[in-house]
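Trainee: Mind folding the following:
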Amino acid sequence: MVKNGQQAAIRTLRYQDDGVPDGGVEVTTFARLRAMPAGSVHPPVQRADFHVLAIVGAGHGSVTVDFVRHRVEPGTIVWIRPGRVHRWDDITEVDGTLVLFRPESVPHGSPGADPLGPVSWRQPGRPALVRLAADHVRREYDAAGVHRIPGSTAILRALLEVLLLRASDCAPPPPAGREAFTAYAAAVEAHFAVSREVAWYARRLGYSPRTLSRATREAAGRSAKQFIDDRVVLEAKRLLAHTRVTVAECARRTGFDDPANFSKFFRARTGLTPGAFAAQARTSAGR
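Mentor: Numbers count the residues shown, from 1 in each chain. Okay, the predicted model is just below:
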């Protein structure tokens, strides 16, 4: 059901249901993942338009998500949200369940709806309940593949909601009162290449710039303007590290009319020119 596309060096993954009424939920294992390009000796960098929730039961490895490496070990939960550039590393001995699901399959108001939620965490407290919930989803998915009953889709959606609640129950709690920041973060994700001005977002969302700045500082520890700039820099790093686009094309894709202004912006925030960062990233990847 998950199909592959190609975008330069970033492997694009899109969820396709192939006409099967699965409720937008697919379940696999690390053993199956190792048979795919994502689990190969030289795994590709990839970006999916769906969620990936991994419940690790055994083994050690790592996953790199947007340039941050996260350890994978027994009891780890990994939640890769749509659009995150990631790569699985060293998973030859890792065992566990992976649940793939479309954004619309996430219940409204669920902790999983937060695009800036944590990527990985351990399961303190009640790890057995998380594993049981994941196992229940997997068994129902496998059973539906053999003999689908009329209620299979609804059952899978309900079990996914239970799993998300169990997994989120173990996650670090989000800051209280972050409605304004959540709206701002979603707007920045959608429009960072259109505007880098806080006032532009404030007008669209119906908040004052001061409210957005306070909410962003409380939730992310950054000013509202720094939050936009961080997102632009992240996208530029993705393009420079994982594709062969020119600096001029990278500038255009991140909303700059003038490559020189983009280079000045990037260097002020990273300490490197775009060209130097790309060369450094390629050297690291080669090693």
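
Trainee: Buried residues, stretch 253-269. List them.
Mentor: The neighbour-count check on stretch 253-269 (16 or more other C-beta atoms under 10 Å) flags R253, T254, F256, P259, F262, S263, F265, F266 as buried. Bear in mind the C-beta positions are built from the backbone N, C-alpha and C, glycine included.

Trainee: Can you add secondary structure and give these back as a markdown table?
Mentor: What follows is those, written out as a markdown table (DSSP: H, G, I helix; E, B strand; the rest coil):
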| residue | secondary structure |
| --- | --- |
| R253 | helix |
| T254 | coil |
| F256 | coil |
| P259 | helix |
| F262 | helix |
| S263 | helix |
| F265 | helix |
| F266 | helix |
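
Trainee: quick one: which of these is nearest P173?
Mentor: Of all these, P173 sits closest to T254, with 32.8 Å by C-beta to C-beta.

Trainee: mind listing what that closest one touches?
Mentor: By C-beta atoms under 8 Å, 6 or more residues apart in numbering, T254 lies in contact with F192, A193, V232, E235, A236, L239, F262.

Trainee: three-state assignment of I77?
Mentor: I77 - assigned by three-state DSSP - is strand.

Trainee: mind showing which ranges of the stretch 51-200 of the chain have poor pLDDT?
Mentor: Across the stretch 51-200 of the chain, the ranges flagged by pLDDT under 70 are 108-114, 124-126, 148, 174-177.

Trainee: Please tell me how far Q280 sits from A35.
Mentor: To A35, Q280 is 33 Å away according to C-beta to C-beta, to the nearest Å.

Trainee: likewise R47?
Mentor: Taken as C-beta to C-beta, the span from R47 to A35 is 21 Å.

Trainee: So which of the two has more stuff around it?
Mentor: R47 (20 against 10; other C-beta atoms under 10 Å).

Trainee: which stretch of helix or strand covers the more buried one?
Mentor: Here R47, judged by DSSP states H and E, is contained in strand 45-48.

Trainee: So which bits of that strand are buried?
Mentor: In strand 45-48, counting by 16+ other C-beta under 10 Å, buried: V45, Q46, R47, A48.

Trainee: Using TSV, please lay out these together with pLDDT and distance to Q226.
Mentor: Below are the buried residues of strand 45-48 laid out as TSV (pLDDT from 0 to 100; distance: C-beta to C-beta, whole Å):
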residue	pLDDT	distance to Q226
V45	88	26
Q46	90	28
R47	88	24
A48	89	27
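
Trainee: picking that back up, quick one: strands adjacent to the strand holding R47?
Mentor: Sheet pairing here is set by DSSP bridges, and for strand 45-48 it gives strand 10-15 (parallel), strand 85-89 (antiparallel).

Trainee: tally of neighbours for I149?
Mentor: 9.

Trainee: show me the contacts for it.
Mentor: I149 neighbours (C-beta under 8 Å, 6+ apart): none.

Trainee: any idea how the chain splits into domains?
Mentor: Domain assignment for the chain by automatic domain parsing gives 2-170, 179-286.

Trainee: unless I'm mixing things up, R244 is touching A281, no?
Mentor: No - look at R244 against A281 with C-beta atoms under 8 Å: they stay out of range, at 11.7 Å.

Trainee: higher neighbour count, the two?
Mentor: Each of R244 and A281 has its neighbours counted (other C-beta under 10 Å); A281 has more, 17 against 11.

Trainee: So which residue is smack in the middle of this protein?
Mentor: Nearest to the mean C-alpha position of the chain, by C-alpha atoms, centre = their mean, lies R81 at 2.9 Å.

Trainee: What confidence value was assigned to V2?
Mentor: Per-residue pLDDT puts V2 at 48.
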